[in-house]
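Trainee: just coords:
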């Protein structure tokens, strides 16, 4: 028993179904649990966050299990994974865990081990100076950013993800290693409207968007795409059949109907939509998916577009930082970002954050009416006086 | 309980390994400092600075090791990582991705698990001309033994790029970048040696995922790992052979805190809940009020928020206003409780979910496009969730049957419900309507009455009508 070597290893290309094993599923979870987890499975009484990134879980058996949580860039190499294994072997008897938000968790059974582990983790740096395993991501702070592939591996992105995450987390680092916010703040990045990163219910969501309609590659479109399928893929009916000058079947796009979702490109490679000037980042805020206090809710667009200023995205980073800082200063304890914005009113959100309110933030897609103000219960801000002036209501 | 569906092969890295310790440590920190990759990448290198872990600095380590491995010790291009960084630099410059659209590749007999990827500038970056993704079905809640991870690393060093995602958004381990030729050898070793299967991609059941559950959480109202594993194993065919209109996701959350985001991201979200009373330890309540126990398990330690105020921080924030203090005791009117978890989150040593537990089943979440984003909606308020979960499987299969029959190409089940209407959906899966399924009753009176709803039916005689009303 060993992993195979050589071009095909033990696989025989002449006889591909020989000894084939399929549908065995994942490894069973039980043997991957540390003994302390096995022993206390389902017996947990309560937990406590001793300091940022360090948790203790107390069992009815009297056992205490300590977890040290570290950030990760999600995109990593086997070199990095092996270093994680080295640490897990040294302190955790060869067990390690990853969280849904791509943190790494090392689980130990004593405070002494926690101290040694913390010291070790903070001492590990890349040669360029970045921490390899920053400790944090718990409680009322910012945890790891869930994100997508971007330019590293995806064929439809409108921005890059790994670089954007690195830029934002460098700036929010103190909120990762600390717990100074009114509640947790979940940040997520998706590099196009497909939202593989499912940013639509995050406190702060960064979303790659296109702003130019697709280009039709007339030369090949009838050969590489099923035209009726492409036509029906458009949520707004902006695509219709057409003929080229040579009489070949092709498609045309009603630009005024296009909302730049890229669904047609997903269906048909002959409709590229990406564009250096067109593409950029939208910022959405106030979503959540926990049922605690308020119901789960969608994130709302507060910045329709910022440029893809690679590799550090200064405009995006500064806007995110501003939102977090204003929220941190203004919200009440236990209040999530969206709950804060709703309590003070969105008009105050824009006033306090200094984010300009533009026509692009007023919904003009389906069910837009649900987002319109149909009461006189609003607060006066400078934006209101501007409207009053424009309408001739005041001098 | 806790038994795998089939015997698990015990893995020992020492028996599985491909690389020697010398090969795994074949460069020094000095060499790494001096190391220049084969492309000029000033913008990408900018991402090596700053405190957050740098994927670029990490990638360079891997690039250096691959430079120094012997030719017959890696089966794909040794410059694969360097070419990836080079292409990333070009993408920054061009403001556009350089991955080609599409490419159908896979392993024999599976319709999912592998995603084809090709560079559109292979002449500049030959190492990533083919750069296919493999999705590996992660073990429930992502605990690992290092023997497994190290063996996977060796396999991926040898037959892949050495780049991975720990983990992808749906939960799988993502192995990033290999050639078509290596797909079958990887699959062979993964199944035969690592005893491990691929995950899902395409129009099939996607790899189910669950929260940490009973493994290390006091709030799990059912065994999320067990249920996630059972459903993954039971529906292997649906996971690997696309037969659906589009993707379909299950996620298992142990409580309404929804740590795996089931409510926002799963076509069927299983959310742990209870139907009896919140357990109260009144002594612990007193200890929280007295300041002897830190609220919220210390989540707010980073800042001085003043003394804990149970009225302001718990009772007043209760969404159903079902709590009050009486004679120094915390009282809860449990029949009015909406199980939001806030009071439990704030005072975990005083309050715990009830003991008569199960799942709420919600259906239809998805990210945007077409009908826009959707959060799942309640269809079954409470269901016992115990092995072998036959009651749950019955609901799942009814939903699938309806969706596979009525769903259009690329229509998620949540969109189908929008299109045909929730009443129709409930009728098909055989559930009575209930106010728990809605936020409020409809505001429009445009009701689709059926003929059988109305006495006398829809057919009427115009002559009879005219006998009463002249033209």
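Mentor: Structure received. None of the values given here were measured: they were computed from a predicted structure. Residues are numbered from 1 along each chain as shown, chains lettered A, B, ... in the order given.

Trainee: got the residue ranges for the strands in chain A?
Mentor: Using DSSP state E, the strands of chain A run over A:44-51, A:54-59, A:64-70, A:75-77, A:95-98, A:104-108, A:187-190, A:204-209, A:239-243, A:249-253, A:280-285, A:300-307.

Trainee: Likewise for the stretch 351-471 of chain B?
Mentor: B:351-352, B:357-363, B:377-383 (DSSP state E, counting those that start in this stretch).

Trainee: do chain B as well
Mentor: Listed in chain order (using DSSP E), the strands of chain B are B:114-115, B:133-136, B:143-145, B:163-165, B:173-176, B:209-210, B:250-253, B:268-274, B:279-280, B:323-326, B:329-332, B:351-352, B:357-363, B:377-383.

Trainee: Please identify the deepest-packed of those.
Mentor: Using mean count of other C-beta atoms under 10 Å in any protein chain shown, the stretch among those with the greatest mean number of neighbours is strand B:209-210 (a mean of 31). All C-beta spots, glycine's among them, are computed from the backbone N, C-alpha and C.

Trainee: And the residue nearest the centre of chain A?
Mentor: Nearest to the mean C-alpha position of chain A, by C-alpha atoms, centre = their mean, lies residue A:188 at 2.2 Å.

Trainee: Residue A:196 is in contact with that one, correct?
Mentor: No. Counting by C-beta atoms under 8 Å, residue A:188 does not reach residue A:196; the two are 10.5 Å apart.

Trainee: Residue A:296 - nearest residue in space that isn't next to it in sequence?
Mentor: Leaving aside its chain neighbours, residue A:296 sits nearest to residue A:289 (4.6 Å; criterion: C-beta to C-beta, 6 or more residues apart in numbering or on different chains).

Trainee: Pull the contacting residues for the one you found.
Mentor: Listed by C-beta atoms under 8 Å, 6 or more residues apart in numbering or on different chains, the contact partners of residue A:289 are A:201, A:296, B:258, B:261, B:263-264, B:375.

Trainee: ok so, going back, would TSV of the strands of the stretch 351-471 of chain B with mean pLDDT and distance to residue A:65 be doable?
Mentor: Listed next are the strands of the stretch 351-471 of chain B as TSV, based on pLDDT from 0 to 100; distance: least, C-beta to C-beta, whole Å:
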stretch	mean pLDDT	distance to residue A:65
strand B:351-352	97	18
strand B:357-363	98	22
strand B:377-383	97	31
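
Trainee: how about these in a markdown table, adding distance to residue A:244?
Mentor: Converted to a markdown table, those look like this (distance: least, C-beta to C-beta, whole Å):
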| stretch | distance to residue A:244 |
| --- | --- |
| strand B:351-352 | 69 |
| strand B:357-363 | 45 |
| strand B:377-383 | 46 |
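
Trainee: In CSV: the strands of chain B, plus distance to residue B:449.
Mentor: Below are those laid out as CSV (distance: least, C-beta to C-beta, whole Å):
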stretch, distance to residue B:449
strand B:114-115, 48
strand B:133-136, 48
strand B:143-145, 54
strand B:163-165, 52
strand B:173-176, 51
strand B:209-210, 42
strand B:250-253, 36
strand B:268-274, 31
strand B:279-280, 47
strand B:323-326, 43
strand B:329-332, 43
strand B:351-352, 47
strand B:357-363, 25
strand B:377-383, 23
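
Trainee: Point out the one among the ones you listed that comes closest to residue A:264.
Mentor: For residue A:264, the closest of the strands of chain B is strand B:114-115, at 20.0 Å, according to C-beta to C-beta.

Trainee: Just checking: what are the partner strands of that closest one?
Mentor: strand B:133-136 (antiparallel) (DSSP bridges).

Trainee: neighbours around the closest residue to residue A:71 other than its chain neighbours, how many?
Mentor: Spatially, and ignoring its direct neighbours in sequence, residue A:71 is nearest to residue A:134 (4.8 Å; C-beta to C-beta, 6+ apart). Per other C-beta atoms under 10 Å in any protein chain shown, the neighbour tally for residue A:134 reads 25.

Trainee: next one: phi and psi at residue A:134?
Mentor: With angles defined as degrees, to the nearest 10, residue A:134 sits at phi -60, psi 140.

Trainee: Do me a favour and get the end-to-end distance for stretch A:160-180?
Mentor: 29 Å (C-alpha to C-alpha, to the nearest Å).

Trainee: same question, stretch A:38-54
Mentor: OK, stretch A:38-54 end separation, C-alpha to C-alpha: 20 Å.

Trainee: List the buried residues of that stretch.
Mentor: Judged by neighbour count using 16 or more other C-beta atoms under 10 Å in any protein chain shown, the buried positions of stretch A:38-54 are A:40-41, A:44-54.

Trainee: Turn the residues you listed into CSV, including distance to residue B:93 and pLDDT.
Mentor: Converted to CSV, the buried residues of stretch A:38-54 look like this (distance: C-beta to C-beta, whole Å; pLDDT from 0 to 100):
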residue, distance to residue B:93, pLDDT
A:40, 53, 97
A:41, 52, 97
A:44, 51, 97
A:45, 56, 96
A:46, 53, 96
A:47, 48, 96
A:48, 49, 96
A:49, 43, 97
A:50, 46, 97
A:51, 43, 97
A:52, 38, 98
A:53, 37, 98
A:54, 42, 98
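
Trainee: so where's chain A uncertain?
Mentor: A:197 (pLDDT under 70).

Trainee: in it, which spans are helices?
Mentor: Taking DSSP state H, the helices of chain A run over residues A:35-39, A:78-91, A:111-123, A:162-171, A:173-177, A:221-224, A:227-233, A:263-267, A:314-330, A:337-344, A:346-353, A:382-390.

Trainee: Which positions in the stretch 251-395 of chain A make contact with chain B?
Mentor: A:261, A:263, A:265, A:269, A:272, A:274-277, A:279, A:289-294, A:296-298, A:308, A:310-312, A:333-334, A:365-367 (C-beta under 8 Å from any C-beta of the partner chain).

Trainee: Drop anything exposed from the residues you listed.
Mentor: Judged by 16+ other C-beta under 10 Å, buried ones among those: A:261, A:263, A:265, A:269, A:272, A:274-275, A:279, A:289-294, A:296-298, A:308, A:310-312, A:333-334.

Trainee: From residue A:365, how far out is the residue nearest to the centre of chain A?
Mentor: Per C-beta to C-beta, to the nearest Å, residue A:188 is found 21 Å from residue A:365.

Trainee: Low-confidence stretches in chain B?
Mentor: B:1-2.

Trainee: wait, residue B:98 sits on residue B:92?
Mentor: No. With contact defined as C-beta under 8 Å, residue B:98 does not count as touching residue B:92 (10.6 Å).

Trainee: Name the residues of stretch A:235-249 that come out as buried.
Mentor: Going by neighbour count (16+ other C-beta under 10 Å), the buried part of stretch A:235-249 is A:235, A:238-239.

Trainee: and those residues as CSV, adding distance to chain B?
Mentor: Formatted as CSV, those follow (distance: C-beta to the nearest C-beta, whole Å):
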residue, distance to chain B
A:235, 5
A:238, 13
A:239, 14
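
Trainee: quick check, nearest of those residues to residue B:18?
Mentor: Closest to residue B:18, out of all of these and judged by C-beta to C-beta, is residue A:235, at 48.4 Å.
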